[in-house]
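Engineer: One predicted model, sequence on top.
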Amino acid sequence: MDFFDRFAVPNPGPTIYASMVAIALTVFAIIFGLTYYKKWGYIWREWLTTVDHKRIGIMYLISALLMLFRGGADAIMMRAQTAVPDNNLLGAQEYNEIFTTHGVVMIIFMAMAFIMALMNFVVPLQIGARDVAFPRLNALSYWLYFSGAMLFNISFVIGGSPDAGWSSYFPLAGNEFSQSVGTNYYMFALQISGIGTLITGINFITTILKMRAPGMTLMKMPMFTWSALITNLIIVFAFPVLTIALIMGTMDRLFATNFFTTADGGMDMLWANLFWVWGHPEVYILILPAFGIYSEIISTFARRNLYGYKSMVISMVAISALSFLVWVHHFFTMGQGALVNSIFSITTMAIAVPTGIKIFNWLFTLRKGKIVFTVPMLYSLGFIPIFTIGGVTGVMLGMASADYQYHNTMFLVAHFHLVIIPGVVFAMLAGLTYWWPKMFGFMLNERIGKWAFWFIAVGVCVTFFPMFISGLDGQARRMYTYSESTGFGLWNMISFIGAIGLLIGFVLIVYNIYYSTRFASRDIPADPWDARSLEWATHSPVPEYNFAVIPTVNSTEAFWDYKKKGFKLFKNKIDQIHMPNNSGLPFIMAIIFFVWGFALVFAMWGVAIAATIGIFACLAYRSFEQDDGHYIPVKKIIDTEKRLGEVRE
């Protein structure tokens, strides 16, 4: 392929050109607005160079919402394409690219970012810390994630998006069948963002183990912090496998090394094994933080302590261990043999047991509770039945012999989405609403939030329940069209209508943010939900230093004890506080990583070598950098406390 042909605009047409114009106008509007209002200095000082875990969490949140609508646009196009038989809205190649980017964007760049947003903002507050263990590494983690996300998304308009599915199986992802640079984008974007995620895992494990408030033993930690700890342990064990697989896949595409080819000693199933050794623990990297969020919210709005605290912790540990022992169920039909299939069928069904324990614990927490139906609680209650349906159909798929009927059909698509949407998206929206006043100092409108919930909850069911029927009738996943004689048309049209309902729900969430930002009262109580965890013991919004005095904890319900029993949470006097300085190095390194990835996508070796040198130069500079942070004086702390509210105790 000619060098310049590799930069060609993919699938030239109205959609692509309209997207290019929209991107250009958006970039111009941002630059013009920042210039007109003279905000470049503010943006650089307060956001681009920040190492504050709270602001990094908010940047993850904004990125996750952007990626939600980017992946949602793909979903609407897919449902529109399959809504009627013999549809010509999208061509086969366009459809391949759209379902590939939908999966990658939603899992890697939306769901992961949402999880990182809430972990970044909430975990240090829940354990009584003033920041994470390594603030600059935390900033680098975000900017590497953002760099990878932007690199992946520009493939839509430069060179072509990946088209081999989100799992990018070889030999389909090899040069023979994926001749464009789209799969190169996949390899390098996931590599860059994956490095950031691995750094986050190390950072949060260290933070949780070493920076808890006095008196907070492991078995006194809030459940969301427990879920974050287990999740980051899985990240540290799982993501190196993805890193190695991506390196091998990249070498196959760029240097013809034949790791995953079907000839010259290669083994295409090696990719499938490596990918799912990472990929199935990745599902629990997404789900476990959601379980922690539901535990916090259900206990708060049931007005009861969480039922079965120890069993919840044990079940999370069991899930994390079993998550590494089930990967083969993703390819039961690919020839492993009866013995291997039987073993992995047993482990697959076994992992449903600790998950079921958690469901029953939440139900027992609700039993005899004084339930308050707030927006976060609605998402938490809606999660239980929908997720249970998704989980039960997962057990059906876990039966190896039955999987020959279900595999690669729309039945599988329905199962996966009925696990991930209530299990992750519902939780993230619940957590967003629950912790929003802590982030921004005002509450989202409950009425609009409830309308959004019902559109989303009903939309999920209407979209994906028909897929069980069409899948059992034989509709294969990833088919871009079908004939009228198949009888799939009715079910796909119902799914399209449900997807429109989902779209309306998410648009209402955006409107709610806009409406509440303009009209919501800033005069809210310190704890608007009557919550139970330690993060509510500081102000809303949280000051730079989190806590003027580090709290002392004596139970799993530290803030609840403080409110109800008069326990003295803050025992020391206010003193000056040491905080880390901001740093522009993570942002600069992310730009260099972006250039490095883009250069390697198009095999521009000179630029790639220069970028590699730049990355190591930044690392060398950081190793010699002398930066001891700064102290916030006592007077400034007291003034801030008085401005945000009366000094506690």
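Structural biologist: Okay, I see it. Please read all numbers here as calculations on a predicted model, not as lab measurements.

Engineer: quick one, helices of the stretch 401-550 of the chain?
Structural biologist: 410-420, 426-440, 446-472, 489-519 (DSSP state H, counting those that start in this stretch).

Engineer: Mind listing residues that contact stretch 17-37?
Structural biologist: Stretch 17-37 has contacts (C-beta atoms under 8 Å, 6 or more residues apart in numbering) with 9, 39-40, 43, 156-157. The way it works is simple: take the backbone N, C-alpha and C, and place the C-beta from them, glycine included.

Engineer: Just the C-alphas of that stretch, formatted as CSV.
Structural biologist: The C-alpha coordinates for stretch 17-37 follow below in CSV (Å, rounded to 0.1, in the frame of the first residue of the first chain):
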residue,chain,number,x,y,z
TYR,A,17,-17.2,14.4,6.4
ALA,A,18,-19.8,15.6,8.8
SER,A,19,-17.8,14.1,11.7
MET,A,20,-14.6,15.9,10.5
VAL,A,21,-16.5,19.2,10.3
ALA,A,22,-18.0,18.7,13.8
ILE,A,23,-14.5,17.8,15.2
ALA,A,24,-13.0,20.9,13.6
LEU,A,25,-15.7,23.2,14.8
THR,A,26,-15.6,21.8,18.4
VAL,A,27,-11.8,22.3,18.6
PHE,A,28,-12.1,25.8,17.1
ALA,A,29,-14.9,26.7,19.6
ILE,A,30,-12.8,25.4,22.6
ILE,A,31,-9.7,27.4,21.5
PHE,A,32,-11.8,30.5,20.8
GLY,A,33,-13.6,30.3,24.1
LEU,A,34,-10.4,29.8,26.1
THR,A,35,-8.7,32.7,24.3
TYR,A,36,-11.7,35.1,24.5
TYR,A,37,-12.2,34.5,28.2
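
Engineer: So for it, what gets flagged as buried?
Structural biologist: Of the residues in stretch 17-37, none count as buried by neighbour count, 16 or more other C-beta atoms under 10 Å.

Engineer: same thing with stretch 238-255?
Structural biologist: 238-239, 241-243, 245-246, 248-250, 252-253.

Engineer: so how far is it from its chain's centroid?
Structural biologist: Centroid separation for stretch 238-255 versus its chain: 22 Å, with C-alpha atoms, centre = their mean, to the nearest Å.

Engineer: again, but for stretch 248-266
Structural biologist: 31 Å.

Engineer: Now do it: everything it contacts.
Structural biologist: Applying C-beta under 8 Å, 6+ apart, the contact partners of stretch 248-266 are 168, 170-171, 173-175, 183-184, 187-188, 191, 267-268, 270-271, 274, 600, 603.

Engineer: go again using 10 Å as the cut-off
Structural biologist: 168-171, 173-176, 178, 181, 183-184, 186-188, 190-191, 245, 247, 267-272, 274-275, 600-601, 603, 605 (C-beta atoms under 10 Å, 6 or more residues apart in numbering).

Engineer: do the same with stretch 607-618
Structural biologist: 140, 585-586, 588-589, 591-602, 604.

Engineer: Write a PyMOL command that selects only the buried members of those.
Structural biologist: Applying 16+ other C-beta under 10 Å to those leaves a buried subset, and the PyMOL line that selects it is:
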select buried, resi 140+585+586+588+589+592+593+594+595+596+597+598+599+600+601+602+604
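
Engineer: Just the ones in strands from the contacts of stretch 607-618, please.
Structural biologist: Among these, no member is found in strands (DSSP state E).

Engineer: In helices, which of the contacts of stretch 248-266 appear?
Structural biologist: Using DSSP state H, the subset of the contacts of stretch 248-266 located in helices is 183-184, 186-188, 190-191, 245, 247, 268-272, 274-275, 600-601, 605.

Engineer: Quick one, which of those residues are buried?
Structural biologist: For the ones in helices among the contacts of stretch 248-266, a burial check counting by 16+ other C-beta under 10 Å picks out 183-184, 186-188, 190-191, 245, 268-269, 271-272, 274-275, 600-601.

Engineer: Quick one, which of these has the minimum pLDDT?
Structural biologist: Ranked by pLDDT, those bottom out at residue 268 (87).

Engineer: That one against residue 174, yeah?
Structural biologist: Yes - using C-beta atoms under 10 Å, residue 268 is in contact with residue 174, at 8.5 Å.

Engineer: Residue 299 reaches residue 533, doesn't it?
Structural biologist: Yes - the pair residue 299 / residue 533 is scored as a contact, 9.1 Å apart, by C-beta under 10 Å.

Engineer: Have a look at the two and say which one is more surrounded.
Structural biologist: Of the pair residue 299 and residue 533, residue 299 is the one with more neighbours under other C-beta atoms under 10 Å, namely 26 against 22.

Engineer: ok now whichever strand or helix holds residue 381, how far from the chain's centre?
Structural biologist: For residue 381, the element it lies in under DSSP states H and E is helix 375-397. On the basis of C-alpha atoms, centre = their mean, helix 375-397 sits 18 Å off its chain's mean C-alpha point.

Engineer: For residue 285, give its distance to residue 328.
Structural biologist: Going from residue 285 to residue 328 by C-beta to C-beta, to the nearest Å gives 19 Å.

Engineer: ah, wrong one, I meant residue 588
Structural biologist: In terms of C-beta to C-beta, residue 588 sits 43 Å off from residue 328.

Engineer: before we move on, back to that, just give me the closest of the contacts of stretch 17-37 to residue 543.
Structural biologist: Set against residue 543, the nearest of these by C-beta to C-beta is residue 43 (20.7 Å).

Engineer: Assign the closest one to helix, strand or coil.
Structural biologist: The local conformation at residue 43, judged by DSSP: H, G, I helix; E, B strand; the rest coil, is helix.

Engineer: Tell me the spatial nearest neighbour of it, not counting adjacent residues.
Structural biologist: Sequence neighbours aside, residue 34 is the residue nearest to residue 43 in space, at 6.3 Å (criterion: C-beta to C-beta, 6 or more residues apart in numbering).

Engineer: returning to what we had before: quick check: neighbours shared by residue 299 and residue 533?
Structural biologist: The contact sets of residue 299 and residue 533 overlap at 222-223, 556-557, 560 (C-beta under 10 Å, 6+ apart).

Engineer: Next step: these restricted to helices.
Structural biologist: 223, 560.

Engineer: Go ahead and build a PyMOL selection from the buried members of the shared contacts of residue 299 and residue 533.
Structural biologist: In PyMOL syntax, the buried subset of those is picked out as below (16+ other C-beta under 10 Å):
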select buried, resi 222+223+556+557+560
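
Engineer: Go through the shared contacts of residue 299 and residue 533 and name the one nearest residue 83.
Structural biologist: The closest of the shared contacts of residue 299 and residue 533, once distances to residue 83 are taken by C-beta to C-beta, is residue 223, at 41.3 Å.

Engineer: got the contact list for that closest one?
Structural biologist: For residue 223, the contacting residues are 126, 291-296, 298-299, 306, 309, 312-313, 316, 358, 361, 533, 556, by C-beta under 10 Å, 6+ apart.

Engineer: Swap in 6 Å and give it another go.
Structural biologist: For residue 223, the contacting residues are 292, 295, by C-beta atoms under 6 Å, 6 or more residues apart in numbering.

Engineer: Could I get the full set of strands for the protein?
Structural biologist: Under DSSP E, the chain gives strands at 577-579, 630-632.

Engineer: Done for today, thanks.
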